[in-house]
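Participant: sequence-free structure coming up:
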């Protein structure tokens, strides 16, 4: 393999990479952090670097001006190296590891929006916000009470025909008005069409306004700390959902709650969120008191557990939740520790099995605004699928299982530092891996698993039914009667232990991808469409920063449609929740989306099981459905050349 | 004194009464309970009795039909006996002691309304009410969540564009929907323009809907238990305000709260209300759980203490309260023990010194709807005065002191059983008294005190400056250096102890009446009116069932205008609060009234003190202002003939 050397300035770090690698790959190899918000999809434009010496092979892009192109500026992810070069990474493209992870969702959204038909910006108007008002001191002619005086002043500034205030805030008014010398900051929270004054502070405290956005996934909980003034994400943190011991899947947890009570499940998720908040707040210079809102997204069951709502009926037909649009509640009422009077909002759900995370996904991707037929697949422990456009939306859920989230997989882990997110098989049984954060590998996350299984299939190490074939690789061994493939041995690539893919892992993956594919096919059939009618296929989920679309097709998780119609859109549950936190209009729109989308129940569809069984092969029992894969399988020597990019 | 015998059927009870006594007096003397809602004012029409034998002297009335008159039906309170007679008390006129006291305010209001110009009825629609709904069980086609299903059904029945629900109620929905077999009763509380579902009960529980109305007076707290379905008052109870030890007057209590904290004052009033509620609930067959609302009326300071709001600034110019329209709060939040999710409403105030009790008074009397120039004087510890009509309203407060409420008076008591409410002086130093409930006298209430001082003045026992003249009555004695008049000696009329009127009591009364008169005069002057312009003078207050208008003029408390323009309207604070509890429209109207009335600050009026000092005589320094009194004083032998009726 011919290699070239890429040197990065300032700093002079360099790396040997194979010819044809992207500048982004080279930067990673050299340990240079280059901002890459979109995960290398060429849509965020953040990885602008400048070529000092040497020539490169750069993809055309609309994100660079003519002046930039003349000056040698390229997008690192869209540029392949062909000879030794020197590159300058300008300050704005210098990623700091944490920062990249942090801003990526918000940035990804900003980058995505313009590419979706009919997308519109939502004005910045957080659902909880602070307003500083100067009150005219009372006189014998202007003898309004403190509350009425405050309301009058607020109404001079914002449209708030209906206002309310709790007794505690009311009790504090006279002293705070006077101690603040009639200059006070009111924190205003949206409660439906009513504005609640949730707290009063003396003087101008408008600059200290923070919110937490949390995506409560079945397997993983991700929280972002957001500055409500700048809309910037200050920090991000994630953890496994501590409910996992009660069951990897939603249904098992509901059954557990029915039998043993939901208290421990509620406490588990509340504890997780509080720990995430504590970490975020203590890492930043933010006071917990200034965190005035928490916005939760997640599937209907997760949000029910969080709010202490009964989940039992979600499990049984007709799958009715307690509510699809939980009202804002005092966060403290459910045990979430932010400002004691701060509000907890929940993203409205479409139904019992298509939750707020999907509403958020629609909001984030603008599916509800586009003219083009769009399919959104949110790959998590449940695989939810939305099909539609600005005219109509149909949604269903499949029981994918947590394989894509790295749980229920022997060496699985969530997409965090040290997780293998990319795997490439060499001709010589060599395996190249890439981990998140370029750290020593600790395990494998969803995108890595897809890459690995695709590679195993492509190399002929697994057959179309997913069986590991011991004769085809020296990396296959048998442990406790089960075959497993050693992806990375302990010590190799600094790995602390063996990282393996077991036969059971592959079967879990096949079930998961089959569930998603079958669901997508049926949803299309219901509306008399086929895969080829899809103008845009958006893949959401917490895979990490990356999903190799070609390999997802290769294993038959997503249909074999042209790659340019497919886009990985990241954690849209979190992105949509952040949009709603930052814009009352977006939050209102989320309710409209939730009400207008129709829930389609797959279980009652008679052919679902048959479709599912047919899809449990690599890529499918019917190879004609995957012509590009069929080509590769037929000419297996060409296999390695078929990758996403 | 010539007496006649009146015999009542059924039962045959009889009494000897003086000729000229009313049939109502005779019934009381005979121990026969005749319903008398208006306290003998001839306006309620409830005391219809039929003359079997004998003739009587009956006042003309529009409340009886020609047929009734031909059949010998008369109003007991408007009919004087001149010879021995037999009377039949029909079942509907048979009062039961408790019931009479109970219904009087509501009935008085009903009786009054038609006589006020522009009065209108408010539709029966309690601010908290129960609604029984049948929910269609969910199906795969109709998969709305429990909350959304309930809202949909409620909205099919009532106009509720904005609804909310607390987390606890939301948590209870799935089980209650199913346990109630999809037939449940929602308790709906008005919160501004939003309807809150405050509780859910299984099955139809609409018949068990009760509310408490409470008038939190500075001296006396009165509570009624109201059936929200029938609008009927089930029971009434009153007590002294336990805050009295902290100061008889509002200002003293505010100062106490500033120095020592408001906690004990709040606890005192909350404790009083809870004791009243407990008494009412335990005497009836009502479950505390079914008491879903509490409506509090009272002056601004009392309602501030109740809600735990700062009162300090009410005391100092510009007299600004924390709020003039306290929001509804969970009653439990301030410690009021009704249904734990029941709401506590407060009557909105006009200003710091013209409170919700006055707003209620305007609402109850329809002052805001009449074309006629009306003055409403609420005689309590503060004497508040409203002047106006449908076009404008001006209100002020005077610091009358608690004399009219029976506190700050040596033998004083509030208007309850055993209180002397009427006093008549005979030529021979004999004194006739009437007590509330015809029980042995325990003390003297406001109306009795007015009667007594008027009588003392008329008999020449006190002079125009209010001094007791020891030479003029053998009942005057000196105790600890202070003169006092023995109204009833221990043992006399079964009294348990001496009931006296001291020189200090008279001075307190004069200060109180002077404050009210001076305030009324200035308020009129401000709008360039005089007393003779007043079309209606309405006297409100907790005097008991009765106020002798003639004697109130005689002591100079109210101006000397024709008696037919003066009406005693009872406890309008309670009546108005009950109207607001029973009608959302009335409650809304109360807010409009509170906003549209203008507060007039007497303290800043330069001549107030002079007016007050001039009014501290009997009836006034300027006798020309009281021509009818001047006539009596001039021809003192005629004095006894001048009474209200």
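Facilitator: Looks like it arrived, so ask away. Because the structure is predicted, anything quoted here is derived from the model rather than measured. Numbering: from 1, shown residues only, chains lettered A, B, ... in the order given.
Participant: mind showing which ranges of the stretch 101-250 of chain A have poor pLDDT?
Facilitator: A:101-120 (pLDDT under 70).
Participant: Find the closest residue to chain B in it.
Facilitator: Per C-beta to the nearest C-beta, residue A:147 is where the stretch 101-250 of chain A lies closest to chain B, at 3.8 Å. Bear in mind the C-beta positions are built from the backbone N, C-alpha and C, glycine included.
Participant: which SS class is that residue?
Facilitator: Classification of residue A:147 using DSSP: H, G, I helix; E, B strand; the rest coil returns helix.
Participant: Which stretches in the stretch 301-450 of chain A count as helices?
Facilitator: Assigned by DSSP state H, counting those that start in this stretch, the helices in the stretch 301-450 of chain A fall at A:312-315, A:356-365, A:446-458.
Participant: ok, and which of those has the densest surroundings?
Facilitator: helix A:356-365 (a mean of 32; mean count of other C-beta atoms under 10 Å in any protein chain shown).
Participant: for it, what is the average pLDDT?
Facilitator: Over the span of helix A:356-365, the pLDDT mean works out to 96.
Participant: So is that helix next to chain B?
Facilitator: No. Under the criterion of C-beta under 8 Å from any C-beta of the partner chain, chain B is not reached by helix A:356-365; the shortest gap measures 12.2 Å.
Participant: Could you give the separation of that helix from the chain centroid?
Facilitator: Remark: helix A:356-365 is offset 10 Å from the chain centroid, using C-alpha atoms, centre = their mean, to the nearest Å.
Participant: so what secondary structure elements neighbour it?
Facilitator: Secondary-structure packing of helix A:356-365 (3 or more C-beta pairs under 8 Å, 6 or more residues apart in numbering or on different chains; DSSP states H and E): helix A:97-112, strand A:291-298, strand A:374-379, strand A:383-388, strand A:536-541, strand A:566-570, helix A:572-582, helix A:584-596.
Participant: Now do the contacts for the residue lying closest to residue A:179 once chain neighbours are set aside.
Facilitator: Ranked by C-beta to C-beta, 6 or more residues apart in numbering or on different chains and with sequence neighbours excluded, the top spatial neighbour of residue A:179 is residue A:202, at 5.2 Å. Taking C-beta atoms under 8 Å, 6 or more residues apart in numbering or on different chains, we find residue A:202 in contact with A:176, A:179-180, A:183-185.
Participant: One more pass at 7 Å, please.
Facilitator: Taking C-beta atoms under 7 Å, 6 or more residues apart in numbering or on different chains as the criterion, residue A:202 is in contact with A:176, A:179-180, A:184.
Participant: and these, which two are the farthest apart?
Facilitator: Farthest pair in the contacts of residue A:202 (C-beta to C-beta) is A:179 and A:184. Separation: 8.8 Å.
Participant: Of these two, which one has the most company?
Facilitator: residue A:184 (24 against 12; other C-beta atoms under 10 Å in any protein chain shown).
Participant: Can you list phi and psi of that one for me?
Facilitator: phi -140, psi 160 (degrees, to the nearest 10).
Participant: Test my guess that it contacts residue A:174.
Facilitator: No. Look at residue A:184 against residue A:174 with C-beta atoms under 7 Å: they stay out of range, at 11.4 Å.
Participant: who wins for proximity to residue B:513 among the helices of the stretch 301-450 of chain A?
Facilitator: Closest among these, using C-beta to C-beta: helix A:356-365, at 67.3 Å.
Participant: what sits up against the closest one?
Facilitator: Contacts of helix A:356-365 (C-beta under 7 Å, 6+ apart): A:109, A:112, A:116, A:215, A:297-299, A:303, A:346-350, A:368, A:376, A:378, A:384, A:386, A:393, A:395, A:538, A:540, A:569, A:572-573, A:575-577, A:579-580, A:586, A:589-590, A:593-594, A:597.
Participant: how far off strand A:566-570 does it point, in degrees?
Facilitator: 120 degrees (axes from the mean of the first three to the mean of the last three C-alpha atoms, to 10 degrees).
Participant: sorry, back to before: can you tell me which of the helices and strands packed on helix A:356-365 comes nearest to chain B?
Facilitator: helix A:584-596 (8.9 Å).
Participant: Show me what counts as buried in that closest one.
Facilitator: A:584-591, A:593-594 (16 or more other C-beta atoms under 10 Å in any protein chain shown).
Participant: do it and chain B meet?
Facilitator: No. Helix A:584-596 lies apart from chain B when judged by C-beta under 7 Å from any C-beta of the partner chain; the minimum separation is 8.9 Å.
Participant: unless I'm mixing things up, residue A:192 is touching residue B:162, no?
Facilitator: Yes. Residue A:192 lies in contact with residue B:162 (C-beta under 7 Å); the separation is 6.0 Å.
Participant: from the stretch 451-600 of chain A, which residue is nearest to chain B?
Facilitator: residue A:599 (6.2 Å).
Participant: so that residue bridges to which residues?
Facilitator: residue A:395 (DSSP bridges).
Participant: tell me the contacts of residue A:300?
Facilitator: A:314, A:321, A:349, A:352-353, A:355.
Participant: Mind giving me the ChimeraX command for buried ones among the residues you listed?
Facilitator: Typed into ChimeraX, the next command selects the buried ones out of the contacts of residue A:300 (criterion: 16+ other C-beta under 10 Å):
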select /A:314,321,349,352,353,355
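Participant: If we only consider the contacts of residue A:300, which is nearest to chain B?
Facilitator: residue A:321 (4.6 Å).
Participant: Pull the contacting residues for the closest one.
Facilitator: Residue A:321 neighbours (C-beta under 7 Å, 6+ apart): A:300, A:304, A:314, A:349, A:352, B:145.
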